[in-house]
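Chemist: here is the input, now give the coordinates:
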Amino acid sequence: MKHEAAEMRALYISNGRQIHIGYFVEGADHEGTVCPHPAVHRTDPAFSFIYDYVFALYFVYYAFEITVDTLLEFMRYRYGRIPSLIYEDNDFPLRDLVEKVSGLPLWIIPKEYRKYLPILYISENELIFDLSKKPSNTLPKRVKVSIISKADGASKTYKFPGLFG
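Modeler: Below you'll find the model as predicted:
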């Protein structure tokens, strides 16, 4: 994709009460029509920012946890002891961030309704990542969709992401 000059494009869905932010990777199809990149968007014409953000937050935390565990094991092996890591009883690394992200409305792009919802929460000072719930299909009746894009001057046709089809 790097050499195909693909760009990320923001999209906004609003129903008057909520604004939902999504994105898609712009590319061209086999006929040269500028559209959501066919290699990236085979089944989803766009992605919800908050949906992906929850996944990213969990995986970043998980990678840090593995790194810390590995470093502690190395220190035990190398030095025969592990330095004490002291947290308050109710302290949890990234607690504020997890609580803020989990409090955001998970309003997803319509074609994402077939996926399971990523839910993050803290239970007994442990980060829980739950993928057991399907969203209720409560789409707004009317929405306004906006995309931020710019024409390249060479392409003749553009295709809007098929969000609702």
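Chemist: all strands for this structure, in order.
Modeler: Here the chain has its strands, by DSSP state E, at 7-14, 19-28, 34-36, 47-48, 117-123, 126-133, 144-147.
Chemist: pick out the shakiest of these, pLDDT-wise.
Modeler: Mean pLDDT is lowest for strand 144-147 among those, at a mean of 79.
Chemist: walk me through which strands it pairs with, and which way each runs.
Modeler: Partner strands for strand 144-147, per DSSP bridges, with pairing direction: strand 7-14 (antiparallel).
Chemist: the partner strand versus strand 19-28: what angle between them?
Modeler: Using axes from the mean of the first three to the mean of the last three C-alpha atoms, to 10 degrees, the direction of strand 7-14 lies 150 degrees away from that of strand 19-28.
Chemist: flag every buried residue along strand 7-14.
Modeler: Buried positions in strand 7-14, judged by neighbour count with 16 or more other C-beta atoms under 10 Å: 9, 11, 13. C-betas here are computed from N, CA, C, even on glycine.
Chemist: residue 81 - how many residues pack around it?
Modeler: Using other C-beta atoms under 10 Å, residue 81 has 8 other residues around it.
Chemist: quick one on the thing from earlier: of all the strands of the chain, which lies closest to residue 63?
Modeler: Comparing the strands of the chain by their distance to residue 63 (C-beta to C-beta), the top pick is strand 126-133, with 12.3 Å.
Chemist: thanks again, I'm all set now.
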